[in-house]
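[1] A predicted structure for the sequence below; I have some questions about it.
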Amino acid sequence: MLIVVNAAAQIQTPQNPPSQAGNVSEMTTADAPATFRSRVNLVMVPVVVRDRDGHAIGTLKKEDFQLFDKGKPQTITRFAVEKAGDRVAASAIAVPATPNENGAPSAPADTSNIPTRFIAYLFDDVHLEFGDIIQARQAAEKHLSKSFQPADRVAIYTTSGQNMLDFTDDLAKIRETMDRIQPRGITGRPSEECPYMTYYMADQIVNRQNPSVLNAAEQDAIICLNLIVAPVSGGQAAALQEAEGTVRGTAQRILSTGEQDTNLALSVLKNAIRRMSASPGQRSIIVVSPGFYLTDRFRFDEDDLLTAAIKASVTLNAIDARGLYVSLPGGDVSETFQNSATATIKDQMRRESDLESWGTLAELADGTGGTFVHNSNDLEGAFARVTVAPEFVYMLGFSPQNLKFDGKFHALKVTLKEIKGVTSQARRGYYAPKHEVDPVEQAKQEIREAVFSRDELSDIPLDVRTQFFKTGDVTAKLSVMAKMDLRKLPFRKADGRNNDAVTVVSSVFDRNGNLINAIQKLITMRLRDEMLTAPVVGGMVMRSTFDLTPGSYMIRVVIRDQEGQLMAARNGVVDIP
């Protein structure tokens, strides 16, 4: 017995006598657009452990790790060791093909031109100076000319959103795009302001109510505005009042502009992660930046970004393109005015701002198992370091107990039991959600993540095969057939029927990892016992048909049942000559 569900939602089932349940259909299907939304779910913590020579260690087990959430030990419920080579190998698996029309076996798909490594360069042209961009561009081009392989795909992103290039293997286009990158900062130089004001200082004044920074800025304003501070007739009080108004207005403007810059940078990074989530093989983003400061307003965005990168197996790396950098005491000599009385507080603000900005890059790298290179003038060597993924990354997962939906930060700490002479990097923390996750949205999220993953899931037995027909010289129809064993589903018994619903998504990607099309079906089942107990039950075949042109394509089929929340996923490659 074989139940077939095709793209037109037609059902072929054997004739069975009516039961006491009446004329209720045993199965209905509905096609729906394969649209996806993303939300935060299980807390995943990537960990990289290195020996004294800096080599990643891959022999540790779950029992070797201790995980703490706000100082409280947690039970590690998920544990896996991801090997860089495994993801590359899994990106080029041929999908079994059905026989041709004449019955002859189909030739295996050619997987030689399927990419196995995707690298995105994100140049922070909003915060980098012109000289630093030039050096970074030259170093990146030199490294690419030496290391680029036929199975590599490279994309260029910028935090300004200008001069960008989608994934390609055309080195000439890559170089041309890089050569057009130039500084596009929205924020003016602090030395051009009256009073002197940086984004970090503005945050200290407006959001953190720091009196020392406010007072220092007021003293600068008195000088640069040439305010009269004569003690008679209330001149000093009037001058301070005018200075405070100017300081607060300047701080509010600089804060607004800085947050605009930050929002733009995070948006581009999120889009890059979303784009790479559909790519096969190894996925890494290289952020080329002096670092950027995040106010508290953007901490949830950073957490969402890290969670999305972890679930999509995207490694974030960072390079401080300024090279060996020193914050000089006394500030920039280009300042239009100097105030020795406020120099100390401004120096302190510069140091704190640099540490916070570097900290953002370090958090992105540590949180995804990546590498952060700074204080090094060997930029070409830095690109070589960050484009090589760690050989082993441990993925620790846990479900926080009694988690309050208060949106507060939870610091994470990972330690190793009785293992000496090693270093480790791990995700530093996460933010609790502000409200409970909707089960329907959670199901959509899990399906979306599985579709844009290359990992195979086996909760339910699933077999995927393909068949194509040439309908013209440049047109073809590809049928993707997914066969699922019904007897393995956790049906819910009610009214004499076996009830469950299965969502099936069949998707096709091009050779560069771009999603071409996805067909989603919802199959609702109310099966009689005889449908499941018959010895000849062959399962259910779900057929989806795509209109394509000749070429190499990546196929991905994902199924998820409603009752047991079980999932299965298969992927592979199809070549249409």
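    Thanks, I have it. Numbering: from 1, shown residues only.
[2] so what's the gap between stretch 368-377 and the chain middle?
    Remark: stretch 368-377 is offset 18 Å from the chain centroid, using CA atoms, centre = their mean, to the nearest Å.
[3] over to stretch 133-140?
    Worked out by CA atoms, centre = their mean, stretch 133-140 lies 25 Å from the chain centre.
[4] residues of that stretch that come out buried?
    Going by neighbour count (16 or more other CB atoms under 10 Å), the buried part of stretch 133-140 is 133, 135, 136, 137, 139, 140. C-beta here means a position set from N, CA and C on the backbone, and glycine is covered the same way.
[5] same check, this time on stretch 70-82
    74, 76, 79, 82.
[6] same check, this time on stretch 461-470
    462, 464, 465, 466, 467, 468.
[7] so, low pLDDT: which residues of the protein?
    1-41, 85-113, 186-192, 228-235, 326-338, 534-538 (pLDDT under 70).
[8] let me see the contact set for the residue nearest the centre of it.
    When the chain is reduced to its mean C-alpha position, the nearest residue by CA atoms, centre = their mean turns out to be residue 309, at 2.5 Å. Residue 309 sits next to 273, 285, 315, 316, 367, 368 when contact means CB atoms under 8 Å, 6 or more residues apart in numbering.
[9] who wins on neighbours among the residues you listed?
    Within the contacts of residue 309, neighbour counts (other CB atoms under 10 Å) peak at residue 316, which reaches 29 neighbours.
[10] for the buried residues of stretch 461-470, please prepare a markdown table with the additional fields distance to residue 194.
    Putting the buried residues of stretch 461-470 into a markdown table (distance: CB to CB, whole Å) gives the following:
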| residue | distance to residue 194 |
| --- | --- |
| 462 | 67 |
| 464 | 66 |
| 465 | 71 |
| 466 | 68 |
| 467 | 72 |
| 468 | 69 |
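[11] in strands, which of these fall?
    Judged by DSSP state E, these include 462, 464, 465, 466, 467, 468 as members of strands.
[12] so the fifth one touches residue 541, yeah?
    No: contact criterion CB atoms under 8 Å: residue 467 and residue 541 do not qualify, at 11.9 Å.
[13] any residues in contact with both of these two?
    Shared contacts of residue 467 and residue 541, defined by CB under 8 Å, 6+ apart, comprise residue 481.
[14] hey, where'd the strands end up in the stretch 1-150 of the chain?
    3-5, 11-12, 27-33, 43-50, 65-69, 72-74, 78-83, 117-123 (DSSP state E, counting those that start in this stretch).
[15] circling back: closest to residue 511 among the buried residues of stretch 70-82?
    Residue 511 lies nearest to residue 82 out of these, by CB to CB, at 24.1 Å.
[16] contacting residues for that closest one?
    313, 392, 393, 394, 395.
[17] of these - the most surrounded one?
    Counting neighbours by other CB under 10 Å, residue 394 comes out on top of these with 27 neighbours.
[18] domain assignment for the protein?
    3-38+438-576, 78-92+129-397 (automatic domain parsing).
[19] between the ones you listed, which one is closest to residue 431.
    Closest to residue 431 of those is domain 78-92+129-397 (CB to CB; 4.5 Å).
[20] distance between the ends of that closest one?
    One end of domain 78-92+129-397 sits 5 Å from the other (CA to CA, to the nearest Å).
[21] just use 2 as the starting number from now, easier for me
    In the new numbering, first residue 2, that becomes domain 79-93+130-398.
[22] could I get the full set of strands for the stretch 302-451 of the chain?
    Going by DSSP E, counting those that start in this stretch, the stretch 302-451 of the chain shows strands at 315-320, 373-374, 393-399, 410-417, 424-427, 430-432.
[23] and the longest helix for the protein?
    In the chain, taking DSSP state H as the definition, the longest helix is helix 236-277.
[24] end-to-end on stretch 56-73?
    30 Å.
[25] now that stretch: buried residues?
    By neighbour count on 16+ other CB under 10 Å, the buried set for stretch 56-73 is 57, 58, 61, 65, 66, 68, 70.
[26] ok, these vs residue 226, which is closest?
    residue 70 (50.3 Å).
[27] does that closest one really touch residue 413, like I thought?
    Yes: at 6.1 Å, residue 70 counts as touching residue 413 under the criterion of CB under 8 Å.
[28] sorry, back to before: make a markdown table out of the buried residues of stretch 71-83 and add distance to residue 163.
    Putting the buried residues of stretch 71-83 into a markdown table (distance: CB to CB, whole Å) gives the following:
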| residue | distance to residue 163 |
| --- | --- |
| 75 | 44 |
| 77 | 44 |
| 80 | 43 |
| 83 | 34 |
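[29] which non-adjacent residue is nearest residue 548?
    residue 478 (6.1 Å; CB to CB, 6 or more residues apart in numbering).
[30] need the contact list for the one you found.
    469, 470, 472, 546, 547, 548, 549.
[31] secondary structure element for the closest residue in space to the second one that isn't next to it in sequence?
    The spatial neighbour of residue 470 that comes closest, neighbours along the chain excluded (CB to CB, 6+ apart), is residue 478 at 5.1 Å. For residue 478, the enclosing helix or strand under DSSP states H and E is strand 477-485.
[32] off-centre distance for that strand?
    For strand 477-485, the separation from the chain centroid amounts to 29 Å (computed by CA atoms, centre = their mean).
[33] kindly report the same for stretch 59-73.
    Taking mean C-alpha positions (CA atoms, centre = their mean), stretch 59-73 and its chain are 24 Å apart.
[34] and the contacts of that stretch?
    So stretch 59-73 is contacted by 44, 46, 48, 50, 74-75, 77, 80, 82, 84, 392-393, 395, 397, 399, 401, 411-418, 420 (CB under 8 Å, 6+ apart).
[35] likewise for stretch 147-158?
    Counting by CB under 8 Å, 6+ apart, residues outside stretch 147-158 touching it are 114-124, 145, 164-170, 172, 175, 178-179, 182, 269-270, 272-273, 276, 280, 282, 385, 388, 513-514.
[36] for that stretch, buried residues please.
    So for stretch 147-158, counting by 16+ other CB under 10 Å, buried means 149, 152, 153, 154, 155, 156, 157, 158.
[37] export the residues you listed as a markdown table, with columns for secondary structure and distance to residue 509.
    Listed next are those as a markdown table, based on DSSP: H, G, I helix; E, B strand; the rest coil; distance: CB to CB, whole Å:
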| residue | secondary structure | distance to residue 509 |
| --- | --- | --- |
| 149 | coil | 27 |
| 152 | coil | 20 |
| 153 | strand | 22 |
| 154 | strand | 18 |
| 155 | strand | 23 |
| 156 | strand | 21 |
| 157 | strand | 26 |
| 158 | strand | 25 |
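[38] for those, work out which two are farthest apart.
    Checking the buried residues of stretch 147-158 with CB to CB, the most distant pair is 152 and 158, at 20.9 Å.
[39] who's in contact with the nearest residue in space to residue 552 that is not next to it in sequence?
    Distances taken as CB to CB, 6+ apart place residue 577 nearest to residue 552, at 6.1 Å, with adjacent residues excluded. Counting by CB under 8 Å, 6+ apart, residue 577 touches 469, 471, 477, 479, 549, 550, 551, 552, 553, 554.
[40] mind checking how far residue 577 is from residue 554?
    Separation of residue 577 from residue 554 (CB to CB, to the nearest Å) stands at 7 Å.
[41] okay, and the common contacts of those two?
    Counting by CB under 8 Å, 6+ apart, the residues touching both residue 577 and residue 554 are residue 479.
[42] run a quick neighbour tally on residue 534.
    By other CB under 10 Å, 9 other residues sit near residue 534.
[43] ok, back up a step: just the buried ones from the contacts of stretch 59-73, in PyMOL syntax?
    To isolate in PyMOL the members of the contacts of stretch 59-73 that are buried, counting by 16+ other CB under 10 Å, one can use:
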select buried, resi 44+46+48+50+75+77+80+84+393+395+397+399+411+413+415+417
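[44] could I get the full set of helices for the stretch 52-201 of the chain?
    Listed in chain order, the helices of the stretch 52-201 of the chain (DSSP state H, counting those that start in this stretch) span residues 85-91, 131-148, 172-180, 200-207.
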